[in-house]
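Chemist: What follows is a predicted structure for the sequence shown.
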Amino acid sequence: MKKVVGKLGLERPLTNKLNRLIRIAIIILVIWVTGGCGGPSPEELETVEYAPLSRNDWDVSTPEAEGLDPLLVANLYYDASELEKIYSVLVVKNGRLIAEDYFNEGSVAQKALVQSATKSVTSALVGIALDQGCLSSIDQKMFAYFPEYADRVSDSRKHEITIQDMLQMRAGFPPEESDQTLWEAVWSGNYDHLVVDFPLTHDPGTAFQYSNLTAHWLGIIVARACATDLESWGRDYLFQPLGAEVGRWRKDLDGYNWGAGELHLTARDAAKFGLLYLQDGEFAGNQIISAKWVHDSLQTYAENAYENISGFKDIGYGYQWWSATVGIIRLTLPGGMAAS
C-alpha cells in the first residue's frame, strides 16, 4: 500500500520544519488505508462537513464510493478544525477528490506559499527538460551551464558536479542553515556567483547535504538549457497540462525563479501535482512526465538523510523528494521537509 502526504509550510532550518508537521498552509492527503477513529464521538463526527466544492477541475466522489470509512475522514476534518495554522485539507482516492475543507481564512481560490515543495516541481521540470531534449543527460556537468564562472573556480572538484549530484543533494555544497553567513546569502537574491564563492564541504557525489542553492541552480540550468524562464516552462509543460495555474513565484536579481521555494499554488492544483506522481507521470490520459523519471525520482539514494523525528523514521532522499516511514507505511514527501 502507498500513501502520499504533502504539506507545504514556511521555510526555516530543517529541525524546526519537522517540528511543525501539523502547522501548515496546505495538506494534501492521498489515502489508501482505513482504520479506527479516536477522539470525538460518532455523533459529533456525523455533523462534520467535508463534501468537495462543486467545480469543474476535479472529478469528485464520496469516501463510501471509494472504499473509505466516512467517519475516519470526518475525524481528519474534525482535528483540522481545531488547528490555528492550517488553510486547507483535501483527500484524494482513486484519482477523485472525496473530501475538502478550508480553515483560518483559507479558500479554494487561495494560492498559498508551498515553499520547499517547489523543489519537487523543479525536479519535475528537469525531467520534462530531458523528455523535451533540452537536457541530454543528468550526467551533464553543472558548470556546462555556468560557463561565465568556470575559469574562476579554484576548487577543481566543482567541475565534477553533475545534474544528478544536484538532484540528490550530493553536489558537495553545505546546508545553508549550518552557518549564518550562508543562510543570509540565501536571502540575498544574488545567487549565480555563489557557485564560485560557496565552498564544497564534501566531494561531489559522496554525501547528502540539504542545500537550497543547489535546488535553485537546478532551476537555472533548466531555464538556460531550454532558453526560457522556469515559470514559463512550468506553465507550458506541467501546469497547463494539469489544468493548474502557476501563482506568484519569486525571482532572483537576475530574473530566475527561485527553484528551491517561493512558488504559490492552490490546494487543488497542488493535489494534482501529487496525483501526477502517483499515476506515474500521467494525468487525464496524457503522459506529462515520463514514467521512468517519476520512478527514478522517488527512489531513495541517500539512506538516513535525516534523524528520526516527529514519528518519521528511515528518512531518505530521491531527486528532490523525501521518503520516510511512519508506522508500517512508507511515505513519499515533496521537496523539503518543510513539505513533508
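Modeler: Ah, there it is.
Chemist: domain parsing for the protein?
Modeler: For the chain, the domain assignment from automatic domain parsing gives the residue ranges 3-114+245-339, 118-239.
Chemist: what's the least confident stretch among the ones you listed?
Modeler: For the domains of the chain, mean pLDDT drops lowest on domain 3-114+245-339, to a mean of 82.
Chemist: what's the spacing between that one and its chain's center?
Modeler: Taking C-alpha atoms, centre = their mean, to the nearest Å, one finds the center of domain 3-114+245-339 at 9 Å from the center of the full chain.
Chemist: distance from the centroid: which residue in the protein tops it?
Modeler: The centre of the chain is farthest from one residue, residue 43, which by C-alpha atoms, centre = their mean lies 36.9 Å away.
Chemist: Specify the local secondary structure of that one.
Modeler: helix (DSSP: H, G, I helix; E, B strand; the rest coil).
Chemist: separation between it and residue 71?
Modeler: Note on residue 43: its distance to residue 71, by C-beta to C-beta, to the nearest Å, is 10 Å. Using the backbone N, CA and C atoms, a C-beta is placed for each residue, glycine as well.
Chemist: same thing with residue 185?
Modeler: Distance, residue 185 to residue 71, by C-beta to C-beta: 50 Å.
Chemist: do residue 283 as well
Modeler: 31 Å.
Chemist: the strands in the protein, which residues?
Modeler: Ranges of strands within the chain are 3-8, 26-30, 88-93, 96-102, 112-113, 264-265, 282-283, 286-287, 302-306, 313-317, 321-326, 329-334, based on DSSP state E.
Chemist: Can you mark which positions in stretch 77-97 are buried?
Modeler: Under the neighbour-count criterion of 16 or more other C-beta atoms under 10 Å, stretch 77-97 has 77-80, 86-93, 96-97 buried.
Chemist: any chance of the strands of the chain in JSON lines, plus distance to residue 142?
Modeler: Listed next are these as JSON lines, based on distance: least, C-beta to C-beta, whole Å:
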{"stretch": "strand 3-8", "distance to residue 142": "27"}
{"stretch": "strand 26-30", "distance to residue 142": "31"}
{"stretch": "strand 88-93", "distance to residue 142": "36"}
{"stretch": "strand 96-102", "distance to residue 142": "40"}
{"stretch": "strand 112-113", "distance to residue 142": "28"}
{"stretch": "strand 264-265", "distance to residue 142": "28"}
{"stretch": "strand 282-283", "distance to residue 142": "30"}
{"stretch": "strand 286-287", "distance to residue 142": "28"}
{"stretch": "strand 302-306", "distance to residue 142": "18"}
{"stretch": "strand 313-317", "distance to residue 142": "18"}
{"stretch": "strand 321-326", "distance to residue 142": "20"}
{"stretch": "strand 329-334", "distance to residue 142": "23"}
